[in-house]
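**Q** I'll drop the sequence and a predicted model, then ask my questions.
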Amino acid sequence: HMTPFLHLSNKLAEKGCSSTFLLPNKAIQQLQHLNLYPHLITFHPLTVPHVDGLPPGTQTASDIPIQFVHLLAAAMDRTRDQVERVVRDTKPKLIIYDVAHWVPEITKAFGIKAINYSVVSAAAIAIVLVPARNVPKDRPITEAELLVPPTGYPSSAIVFRGHEVRSLLFVSQPFGEGITFHERISKAMKESDALAMRTCDETEGKFCEYIGSQYGKRVFLTGPVLPEPPKIPLEDRWVKWLSGFQPGSVVFCAFGSQIVLEKNQFQELVLGLELTGLPFLVALKPPVGTSTVEEALPEAFEERVRGRGVVWGGWVQQLKVLEHPSVGCFVSHCGFGSMWEALMSDCQIVLVPHLGDQILNTRFMAEELQVAVEVVREESGWFSKENVSKSIKSVMDKGSETSLRLKENHRKWRDMLVNNGFMTGYVDKFIQSMHELVN
Ligand SMILES: O=c1ccn([C@@H]2O[C@H](COP(=O)(O)OP(=O)(O)O[C@H]3OC[C@@H](O)[C@H](O)[C@H]3O)[C@@H](O)[C@H]2O)c(=O)[nH]1
């Protein structure tokens, strides 16, 4: 979440607003290069205290497996004194925060304003994190309860189905000491002076309205706040490799910063790509129980796909790969960042969501905007190589009705997003709303 917060700081700095950005030391090293206005954005290091059970030296969520993140929340809560000191010393006009639910207690004491900023989709907030979603206090919420959207939820398409609600059971689990995830976020939102969402009216207006009415608060929209594409060119090895293929023919697959597949599901995915007969580049973390992607590949896979398929176990410059003319299809987990990047790209989109909000983002792209297809999973959650291949082929078959329809819908949304003034219009309005709030 620090990355989108920093993108917002950059957009605000572009308009002359200065900010102090509080983050762990390690994250400062990682994000420094994204600070485009160092004279207006000051990084202030926080020391992350040790919490029992957390691997020593942990500073950010990407240092640890997802099941440890609740302990990192406890460590973050123990930085409260440090945060309070910074507020006392710098006297900001307002604070923008997300999961640190205690921030409004600090701002109230200093007579300043607090904006709770959500960087995941508004639909994801609206379906689980509103007061109308009754989460029992004395027992974990059940799958059956989660299958029913909260009263007044404004969509019948952007919902969870069957097994998918399992990915939401965590909301009634502890997230920090003596507080569940649901209690934490609800408190963070309820105690704020205003809510802000990293989304836009054109795509998620009805969800933002619902959230505002649920909390009885104003909702400011920042728009998607996408950074300028990085100036660093795509690594030479990928330029060379991609350039060997026809325009729009390569399938690119990446599942963001957190997803680690089970080994059999990883194999099924790459076999699905092989089945398409198309060239492909996969960038995924090694699956569970393996240390390299090579050792996890199906038998004789590399020989069979040599010359047309690469499975890479590290990070690639996703935005740059998507921009390459040879790339024609993006197979994504539909994390909120990747969702916008897919929309802004020229590629056909195939979605394989894994976690809660990714599932809703996928419904949104496939059913509401109708710009993508979703790979069908079985009730167990498993997806087959046949379904992976079928989805990719359906969008890559240039003459098919599905392919043409998605391409045309996608073009309309992309044109709107890249329109000069669309993003800056949102940022200008957000700044104006902040002024109104503090004055
Ligand atoms: O190899 C890679 C993989 C990813 N990326 C970049 O990393 C970013 C990933 O961000 P995403 O929001 O898509 O995905 P993450 O996996 O970080 O998602 C996390 O935060 C956002 C939530 O919606 C997701 O549910 C959560 O998993 C994108 O900007 C993408 O371009 C690379 O540059 N290279």
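**A** Everything's here; your move. Here the structure is a predicted model, which is why all the values come from computation and not from measurement. Numbers count the residues shown, from 1 in each chain.

**Q** CA only for contacts and neighbour counts going forward, please
**A** OK.

**Q** Within range of the ligand, give me the residues from the stretch 1-150 of the chain.
**A** Within the stretch 1-150 of the chain, the positions adjacent to the ligand are V120 by C-alpha under 6 Å from any ligand atom.

**Q** Dump the C-alpha coordinates for stretch 383-403 into PDB.
**A** In PDB, the C-alpha atoms belonging to stretch 383-403 read as follows (Å, rounded to 0.1, in the frame of the first residue of the first chain):
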ATOM      1  CA  PHE A 383      -8.400 -24.300 -12.400                       C
ATOM      2  CA  SER A 384      -7.600 -26.700 -15.300                       C
ATOM      3  CA  LYS A 385      -5.100 -26.300 -18.100                       C
ATOM      4  CA  GLU A 386      -7.900 -26.700 -20.500                       C
ATOM      5  CA  ASN A 387      -9.800 -23.700 -19.100                       C
ATOM      6  CA  VAL A 388      -6.600 -21.500 -19.000                       C
ATOM      7  CA  SER A 389      -6.000 -22.300 -22.600                       C
ATOM      8  CA  LYS A 390      -9.700 -21.900 -23.600                       C
ATOM      9  CA  SER A 391      -9.800 -18.400 -22.100                       C
ATOM     10  CA  ILE A 392      -6.600 -17.300 -23.700                       C
ATOM     11  CA  LYS A 393      -7.600 -18.600 -27.100                       C
ATOM     12  CA  SER A 394     -11.100 -17.000 -26.900                       C
ATOM     13  CA  VAL A 395      -9.500 -13.500 -26.600                       C
ATOM     14  CA  MET A 396      -6.500 -14.200 -29.000                       C
ATOM     15  CA  ASP A 397      -8.600 -15.500 -31.800                       C
ATOM     16  CA  LYS A 398      -8.700 -12.200 -33.700                       C
ATOM     17  CA  GLY A 399     -11.900 -12.900 -35.600                       C
ATOM     18  CA  SER A 400     -14.000 -14.300 -32.800                       C
ATOM     19  CA  GLU A 401     -17.000 -12.300 -31.500                       C
ATOM     20  CA  THR A 402     -15.800 -12.400 -27.900                       C
ATOM     21  CA  SER A 403     -12.400 -11.100 -28.900                       C
END
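
**Q** now the strands for the stretch 51-200 of the chain?
**A** 94-97, 113-118, 194-197 (DSSP state E, counting those that start in this stretch).

**Q** Can you give the contact residues for the second one?
**A** I take that to be strand 113-118. Applying C-alpha atoms under 8 Å, 6 or more residues apart in numbering, the external contacts of strand 113-118 come out as 93-98, 103-104, 107, 188-189, 192-198, 437-438.

**Q** which residues touch P38?
**A** No contacts exist for P38 under C-alpha under 8 Å, 6+ apart.

**Q** Now do the same for it: helix, strand or coil?
**A** Classification of P38 using DSSP: H, G, I helix; E, B strand; the rest coil returns coil.

**Q** tell me the phi and psi of the residue nearest the centre of the chain?
**A** The C-alpha lying nearest the average C-alpha coordinate of the chain belongs to F336 (C-alpha atoms, centre = their mean; 3.1 Å). For F336, the backbone dihedrals (degrees, to the nearest 10) come out as phi -60, psi -40.

**Q** Likewise for A283?
**A** Dihedral angles for A283 - degrees, to the nearest 10 - are phi -120, psi 100.

**Q** Could you tell me the per-residue confidence at E295?
**A** At E295, the pLDDT value in this model is 97.

**Q** residue in the stretch 101-250 of the chain nearest to the ligand?
**A** Nearest to the ligand, among the residues of the stretch 101-250 of the chain, is V120, at 5.5 Å (C-alpha to the nearest ligand atom).

**Q** picking up where we left off before, can I have the buried ones of the contacts of strand 113-118 as a ChimeraX selection?
**A** Buried residues within these, by 16 or more other C-alpha atoms under 10 Å, are selected in ChimeraX with:
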select :93,94,95,96,97,98,103,104,107,188,189,192,193,194,195,196,197,198,437
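
**Q** Now S380. Nearest residue, chain neighbours left out?
**A** Distances taken as C-alpha to C-alpha, 6 or more residues apart in numbering place H163 nearest to S380, at 6.8 Å, with adjacent residues excluded.

**Q** wait, doesn't the one you found sit right on I359?
**A** No: H163 is beyond contact range of I359, at 11.4 Å (criterion: C-alpha atoms under 8 Å).

**Q** More neighbours: these two, which one.
**A** Remark: of H163 and I359, I359 carries more neighbours, 26 against 14, as counted by other C-alpha atoms under 10 Å.

**Q** Need the CA coordinates for the helix or strand that one falls within. CSV is fine.
**A** Secondary structure from DSSP states H and E places I359 in helix 356-363. Extracted C-alpha coordinates of helix 356-363, given in CSV (Å, rounded to 0.1, in the frame of the first residue of the first chain):
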residue,chain,number,x,y,z
GLY,A,356,-10.7,-11.5,-2.0
ASP,A,357,-10.4,-8.1,-3.7
GLN,A,358,-8.9,-9.6,-6.8
ILE,A,359,-12.0,-11.7,-7.3
LEU,A,360,-14.2,-8.6,-7.1
ASN,A,361,-11.9,-6.7,-9.4
THR,A,362,-12.2,-9.6,-11.8
ARG,A,363,-16.0,-9.6,-11.8
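
**Q** just to revisit the earlier point, quick one: contacts for the residue nearest to the centre of the chain?
**A** Under the criterion of C-alpha under 8 Å, 6+ apart, the neighbours of F336 are V119, V120, S121, D357, Q358, N361.
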